[in-house]
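>>> Give me a model of this one.
(2 chains)
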Amino acid sequence: MTLRTWGRLGLIALVAVFVQVGILNQIVVGGAHGDVFLLLAISAGLVAGPQRGAEMAFALGLVADVFVQTPYGLSSLCYVLVAFAVGLATGAMNRRPTLGFQVAAALLGGVGGTLLFAGLGTLIGQPSVPRHQLVIIVTVVAAGCVLLANLACRLLEWAVAVAPGAHHDAGVFAAGSAR
Amino acid sequence: MAASRRNTSQRLTLVILILASITVVTVAYKGEARQVISSVRNGAGDAVAPVQRGIAAVLHPIGNLFAGMAGYGGALSENQRLQIEVGRLRRQLIEAQQAQEQLDQLRLEQNLPFAGGIPEVLAEVISSPSSNFDLTIEIDRGTSNGVGVGMPVVSGVGLVGSVISAGEDTAVVQLLTDPRSLVGVRFGNGIVAVAQGQGEGDPLQLQYVSEASVTYPGAPVVTSGLDIAAYPSGIPVGTVASVRHTGGSLTSQVLVTPLVNLSILQYVAVLQWLPPA
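Numbers count the residues shown, from 1 in each chain, chains lettered A, B, ... in the order given. The predicted model follows:
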């Protein structure tokens, strides 16, 4: 990826930090709130494909982990896997993802990413979250991802310089092969 | 051919990133790296704190405006006032009950430590945790205000938690309900136990309560302050919610409802008290 792409991604991450700590953290539903970094990781997979999406998700995870008390690097691991899976699914479509696909990916990515984070956390010794609370967290995070998926995809399209409306393969894989 | 090469490249990238993530988790887990990350986290918290305060100041009036438009403004403030009043009365009741129990024991014990008289730093809660998986809050006071790691945090009603990380201008407080939180408590006729958090909205679970211990729902629970406890003695923690004796076990399952409503905290006080080394 180019320096410009990383620069833009850095800018998006900075904005995401303020959105997360300033806004989303204040909108608490049943003790849970949205996760803008997971949303960006999902969007990275959607927009940039599995390989570049995973790279971007790794970087986003490192930033996200600065603002939480969970083990550093756990978000990166989780986001990489989510972005790669979403990227693979998107690549299988062989065309630019439709709004419906974006929503479905955001929903499944939100659910899968949250469960993955909880599971990996428990695996490395983090206290497990009660099941009823996990259901609330999954629901709230997935709902937030669905609501903001399109906006996040547009931001990531700007970062990787894919023209809105461009064919997915033409935008992403051509750019990827030009590296 | 090109597709195959691309697939190989993708898989290789995935493996490298997974290994890199695992390495980061492992390296950051202990030692110097952990301290560095803690410093970075504190610095980052300090850096975004002014924006958090600004956004909170903007969002609160907007929230109140909507409440007023809906005609609930008066009811809301009245409700808040009554909640605070109920909290005060509950605290007084528990303190009175506890004082009576302590008085009964004063003939036998001397030099009981008390929480009163400890200097405190008032702070505003500026953020909930950024992760849904850690039960912490961020406050707008840090080391420059005399706040340090390990200090207990209380509200007007009772114990909230303790400071687990402190930057210059902000600090992170681990809530009682966090499963990593352990509080030495005393209840009933001097029974001591350890209260462990079980997650958001769930009661605390008392560990190491003998089946022979006698207690009842509603009994006050306060910090024990025993020996090298992390909290001074006598801070109200909650009330016994239920007691269950399980057949075949030597311990009872006792659940405690925290006194403080941890989901609506706005102001707290940090007690400038550190546990003995």
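>>> Mind listing what's buried along stretch B:236-253?
B:Pro236, B:Val237, B:Gly238, B:Thr239, B:Val240, B:Ala241, B:Val243, B:Thr251, B:Ser252 (16 or more other C-beta atoms under 10 Å in any protein chain shown). For glycine as for every other residue, the C-beta is placed from the backbone atoms N, C-alpha and C.
>>> could you redo these as JSON lines and give each row pLDDT?
Shown next, in JSON lines, are these (pLDDT from 0 to 100):
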{"residue": "B:Pro236", "pLDDT": "90"}
{"residue": "B:Val237", "pLDDT": "92"}
{"residue": "B:Gly238", "pLDDT": "91"}
{"residue": "B:Thr239", "pLDDT": "91"}
{"residue": "B:Val240", "pLDDT": "90"}
{"residue": "B:Ala241", "pLDDT": "89"}
{"residue": "B:Val243", "pLDDT": "85"}
{"residue": "B:Thr251", "pLDDT": "77"}
{"residue": "B:Ser252", "pLDDT": "81"}
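>>> what's the most distant pair in those?
Spatial extent of the buried residues of stretch B:236-253 (C-beta to C-beta) is set by the pair B:Pro236 and B:Thr251 at 23.8 Å.
>>> Stretch A:120-128 near chain B at all?
Yes: contact of stretch A:120-128 with chain B (C-beta under 8 Å from any C-beta of the partner chain) involves A:Gly121, A:Ile124, A:Gln126, A:Pro127, A:Ser128.
>>> ok, and the closest non-adjacent residue to the second one?
I take that to be A:Ile124. A:Pro71 (6.2 Å; C-beta to C-beta, 6 or more residues apart in numbering or on different chains).
>>> Equivalent analysis for the last one, please.
The shortest distance from A:Ser128 to any non-neighbouring residue, by C-beta to C-beta, 6+ apart, is to A:Thr122 (4.7 Å).
>>> top of the residues of stretch A:120-128 next to chain B by neighbour count?
A:Gly121 (20 neighbours; other C-beta atoms under 10 Å in any protein chain shown).
>>> contacting residues for B:Ser249?
Counting by C-beta atoms under 8 Å, 6 or more residues apart in numbering or on different chains, B:Ser249 touches B:Glu211.
>>> isn't there a strand covering it?
No: counting by DSSP: H, G, I helix; E, B strand; the rest coil, one finds B:Ser249 to be coil, located in no strand.
>>> Near chain A, which residues of the stretch 51-200 of chain B are found?
Residues of the stretch 51-200 of chain B lying near chain A (C-beta under 8 Å from any C-beta): B:51-52, B:54-56, B:59, B:127-134, B:136, B:164-165, B:172, B:174, B:178-180, B:198-200.
>>> Narrow those to just the buried residues.
Buried among these by 16+ other C-beta under 10 Å: B:52, B:55-56, B:127-134, B:136, B:164-165, B:172, B:174, B:178-179, B:198-200.
>>> so where is chain B shaky, pLDDT-wise?
Applying pLDDT under 70 to chain B flags the ranges B:1-2, B:56-77, B:101-116, B:227-228, B:247-248, B:277.
>>> partner residues bridging the spatially closest residue to B:Tyr208 that is not a sequence neighbour?
Spatial nearest neighbour of B:Tyr208, chain neighbours left out: B:Ala193 (5.4 Å); criterion: C-beta to C-beta, 6+ apart. Beta bridges link B:Ala193 to B:Val185 when assigned by DSSP bridges.
>>> Report the central residue of chain B.
Geometric centre of chain B, nearest residue: B:Leu175, 1.6 Å, by C-alpha atoms, centre = their mean.
>>> The chain: strands as residue ranges?
Here I'm looking at chain A. With DSSP state E as the definition, chain A shows no strands.
>>> other chain: chain B
With strands called from DSSP E, chain B shows them at B:120-127, B:136-139, B:152-154, B:159-166, B:171-175, B:182-187, B:191-196, B:204-207, B:220-223, B:236-245, B:252-258, B:267-271.
>>> Report the contact partners of A:Tyr79.
Per C-beta under 8 Å, 6+ apart, neighbours of A:Tyr79: A:Phe37, A:Leu38, A:Ala41, A:Ala57, A:Phe58, A:Leu60, A:Gly61, A:Ala64, A:Gly113.
>>> Are any of those buried, and if so which?
Here, 16+ other C-beta under 10 Å leaves A:Phe37, A:Leu38, A:Ala41, A:Ala57, A:Phe58, A:Leu60, A:Gly61, A:Ala64, A:Gly113 buried among the contacts of A:Tyr79.
>>> quick one: the third one from A:Phe84, how far?
Translated: A:Ala41. 10 Å (C-beta to C-beta, to the nearest Å).
>>> count of neighbours near A:Asp65?
Quick note: A:Asp65 (other C-beta under 10 Å) scores 26 neighbours.
>>> Pretty sure it sits against A:Leu77.
No: taking contacts as C-beta atoms under 8 Å, A:Asp65 lies outside contact range of A:Leu77: 10.0 Å.
>>> B:Ser127 bridge partners, please.
Applying DSSP bridges, one finds that B:Ser127 bridges with B:Glu138.
>>> Verify the stated contact: it with B:Glu138.
Yes: between B:Ser127 and B:Glu138 a contact is recorded at 4.2 Å, counting by C-beta under 8 Å.
>>> Give me the common contacts of these two.
What both B:Ser127 and B:Glu138 touch, as defined by C-beta under 8 Å, 6+ apart, is the set B:Gln52.
>>> picking up where we left off before, can I get the buried ones among the contacts of A:Tyr79 in a markdown table including distance to B:Asp46?
Below are the buried ones among the contacts of A:Tyr79 laid out as a markdown table (distance: C-beta to C-beta, whole Å):
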| residue | distance to B:Asp46 |
| --- | --- |
| A:Phe37 | 20 |
| A:Leu38 | 25 |
| A:Ala41 | 26 |
| A:Ala57 | 27 |
| A:Phe58 | 26 |
| A:Leu60 | 22 |
| A:Gly61 | 22 |
| A:Ala64 | 18 |
| A:Gly113 | 29 |
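>>> between those, which is nearest chain B?
A:Phe58 (4.9 Å; C-beta to the nearest C-beta).
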